[in-house]
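J.: Let me see the structure of the following:
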Amino acid sequence: MNVHLIAIGGSAMHNMAIAMHKKGFKVTGSDDEIFEPSKSRLAKLNLLPAKEGWDVNNIHTELDAVILGMHARADNPELLKAQELGLKIYSYPEYVYEQTKDKTRIVIGGSHGKTTITAMILHVLNFHKVDCDYLVGAQLHGFDTMVKLTKEAKIAVIEGDEYLSSPIDRRPKFHLYKPNIAIISGIAWDHINVFPTFDNYVEQFRIFTDLIEPAGSLVYCELDEEVKKVGDKARADIKKFPYGIPNYTIENGTTYLLVDSKKIPLQVFGEHNLMNLTAARLCCSQVGISDTQFYEAIQSFTGAAKRLELIKKNNVTAVYKDFAHSPSKLKATTQAVKKQFPDRKLIACMELHTFSSLNENFLKEYDGAMALADEAFVYFNPHTIEHKKLKPITEAQVKQAFGGNNIKVYTDSKELLNDLLKKDFTTKNLLMMSSGNFDGIDFKELGEKIVG
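T.: Modelled structure (predicted):
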């Protein structure tokens, strides 16, 4: 196979390039800018384009497929040339389906928890040496790439993002995978720039269940009202596995599952993680992993990158970072840390960074999202709003939107950092939440300075 990737530098795209290279395909690619770590990882396998930019000479009739990344535009010259030549053009989710259509496809959907559930399933399968292909939205410990595509594996584990597939394919990615086993972890309105109303957003999950293969199965969180509605109304031929929070206890900062009078220690915590774990268990049971095998493996799972990831701790303080940015994620993550450490105060910081979070019409959704924190700091960069061509918002608007007296708003990340470093963190935890990095804050260095 001779394959060319337009916008090869993207997170998923460069991992797909590596996966196809390892499968023995001839892989080329192009992009107008490639950053680390994509650049080094592509260069190591001689997949890095010789120069940045688009070149129509990359597109020729000997190509078996062209894969189009979201970063490219609909008027991309290489795309136009491929269309002119009548070449087969795929979005990357389309191509993942093409490469896994003869396998048992496990597709994890939901507004939150997707990456963690995917990571849990992969950890358990890997622990028990069950070979599988996969697509996951974060770099996982013990896995070289975020995408693996092989001829041999009989199972494919796919994180099903609801965002758009490509510039010329406006379907959500998870509509293209046609799962044999589907998971829906939660539904909380996101991507306001694509799904302008809550009902429109929920409809995408209804369509997702309609696309489950005949006699397939659906694992869904029945504690989420919207998910329960969608799951309960799924087709009659679909086997349904609703789930909630398993029995557990917390002792001396460690969470234990309570299973048949046994206590199973975990390295992750929080009720959302426990629900994620249950979804992963129900899924694994359908591909031959017994509950006993699952519990044996899950004890060594330390979490997905940036998902309640421990930066540094001592006996009286812990510093965590988390990918949380939507209202539901902020609530779940702050609740998890407070419940895990009831004797410590929580200082929680979040960055408004995504299109939705910086939209003045969406801001009201954050009401009470950080109410459980003892002190809550919210940061946004006005230049980011300008870059996204959104209407400016003010510090007063943000403070009012979040509500409560524990909120302080910053537009200068250096000022936020300085204020954090002035604090005494004895018997306090720090939680940093963002899909970005607070405009350059080094979390590891921050953890070192706070914990010592």
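J.: Pull the number of nearby residues for L372.
T.: 20 (other C-beta atoms under 10 Å). In short, each C-beta sits where N, CA and C put it, glycine included.
J.: Hmm, I typed the wrong one, I wanted G86.
T.: Neighbours around G86, by other C-beta under 10 Å: 8.
J.: need the contact list for it.
T.: Neighbouring residues of G86 by C-beta atoms under 8 Å, 6 or more residues apart in numbering: there are none.
J.: now do 10 Å
T.: T61 (C-beta atoms under 10 Å, 6 or more residues apart in numbering).
J.: what's the answer for Y320, then?
T.: Contacts of Y320 by C-beta under 10 Å, 6+ apart are 303, 306-313, 333, 336-337, 340, 346, 348, 429-433, 443, 447.
J.: Just the buried residues of the residues you listed.
T.: Buried residues within the contacts of Y320, counting neighbours by 16 or more other C-beta atoms under 10 Å: 303, 306-309, 311-312, 333, 336-337, 340, 346, 348, 429-433, 443, 447.
J.: among these, which are in helices?
T.: If you go by DSSP state H, those have T333, A336, V337, Q340, F443, G447 in helices.
J.: what about the residue nearest to the second one when sequence neighbours are not counted, neighbour count?
T.: With C-beta to C-beta, 6 or more residues apart in numbering as the measure, G270 is the residue that lies nearest to A336, at 2.6 Å, once sequence neighbours are left out. For G270, the count of nearby residues is 22 (other C-beta under 10 Å).
J.: thought G270 was touching Q335?
T.: Yes - using C-beta atoms under 10 Å, G270 makes contact with Q335 at a distance of 7.2 Å.
J.: F377 belongs to a helix?
T.: No - assessed with DSSP: H, G, I helix; E, B strand; the rest coil, F377 is strand; it does not lie in a helix.
J.: wouldn't V219 be in contact with I108 here?
T.: Yes - assessed by C-beta under 10 Å, V219 is found in contact with I108 at 9.0 Å.
J.: ok, the two, which is more surrounded?
T.: Taking other C-beta under 10 Å, V219 and I108 do not tie; I108 has more neighbours (34 against 26).
J.: Strand partners (parallel or antiparallel) of the helix or strand hosting the more buried one?
T.: Assigned by DSSP states H and E, I108 falls within strand 104-109. Sheet partners assigned to strand 104-109 using DSSP bridges are listed as strand 155-159 (parallel), strand 181-184 (parallel).
J.: least trustworthy helix or strand in the chain by mean pLDDT?
T.: helix 382-387 (a mean of 90; mean pLDDT, DSSP states H and E).
J.: neighbours around the residue nearest to L164 when sequence neighbours are not counted, how many?
T.: Closest residue to L164 apart from its sequence neighbours, by C-beta to C-beta, 6+ apart: R170 at 5.5 Å. A total of 9 residues lie near R170 under the criterion other C-beta under 10 Å.
J.: From L282, how far out is S261?
T.: When distance is defined by C-beta to C-beta, to the nearest Å, S261 is 21 Å away from L282.
J.: follow-up on the earlier one: out of the contacts of Y320, which are inside strands?
T.: Counting by DSSP state E, these place E309, L310, I311, K312, K313, L346, A348, N429, L430, L431, M432, M433 in strands.
J.: give me the element T118 is part of.
T.: Applying DSSP H and E, one finds T118 within helix 114-127.
J.: Now find how far off-centre the helix or strand that that helix is followed by is within its chain.
T.: Next helix or strand after helix 114-127 toward the C-terminus (DSSP H and E): strand 133-135. Averaging C-alpha positions (C-alpha atoms, centre = their mean, to the nearest Å) puts strand 133-135 14 Å from its chain's average.
J.: and strand 133-135, which strands flank it?
T.: Here strand 133-135 is paired, per DSSP bridges, with strand 147-148 (antiparallel), strand 155-159 (parallel).
J.: which one of the ones you listed lies closest to A7?
T.: strand 147-148 (14.8 Å; C-beta to C-beta).
J.: How about residues contacting the closest one?
T.: For strand 147-148, the external contacting residues (C-beta under 10 Å, 6+ apart) are 11-20, 22-23, 92, 96, 99, 122, 131-136, 156-158.
J.: one step back: pick the most deeply packed of the strands paired with strand 133-135.
T.: strand 155-159 (a mean of 26; mean count of other C-beta atoms under 10 Å).
J.: Mean pLDDT lowest where, among the strands paired with strand 133-135?
T.: Lowest mean pLDDT within the strands paired with strand 133-135: strand 147-148, at a mean of 94.
J.: How far does that one sit from its chain's centre?
T.: When distances are taken as C-alpha atoms, centre = their mean, strand 147-148 is centred 15 Å away from the chain's centroid.
J.: what do you get for stretch 401-420?
T.: On C-alpha atoms, centre = their mean, the centre of stretch 401-420 falls 25 Å from that of its chain.
J.: tell me which residues in it are buried?
T.: A401, F402, N406, I407, K408, V409, Y410, T411, S413, L416, L417, L420.
J.: Adding distance to N359, pLDDT and secondary structure, write those out as a markdown table.
T.: Output for the buried residues of stretch 401-420, formatted as a markdown table (distance: C-beta to C-beta, whole Å; pLDDT from 0 to 100; DSSP: H, G, I helix; E, B strand; the rest coil):
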| residue | distance to N359 | pLDDT | secondary structure |
| --- | --- | --- | --- |
| A401 | 11 | 96 | helix |
| F402 | 15 | 96 | helix |
| N406 | 23 | 92 | coil |
| I407 | 19 | 96 | strand |
| K408 | 22 | 97 | strand |
| V409 | 16 | 97 | strand |
| Y410 | 19 | 97 | strand |
| T411 | 17 | 97 | coil |
| S413 | 21 | 95 | helix |
| L416 | 22 | 97 | helix |
| L417 | 26 | 96 | helix |
| L420 | 27 | 96 | helix |
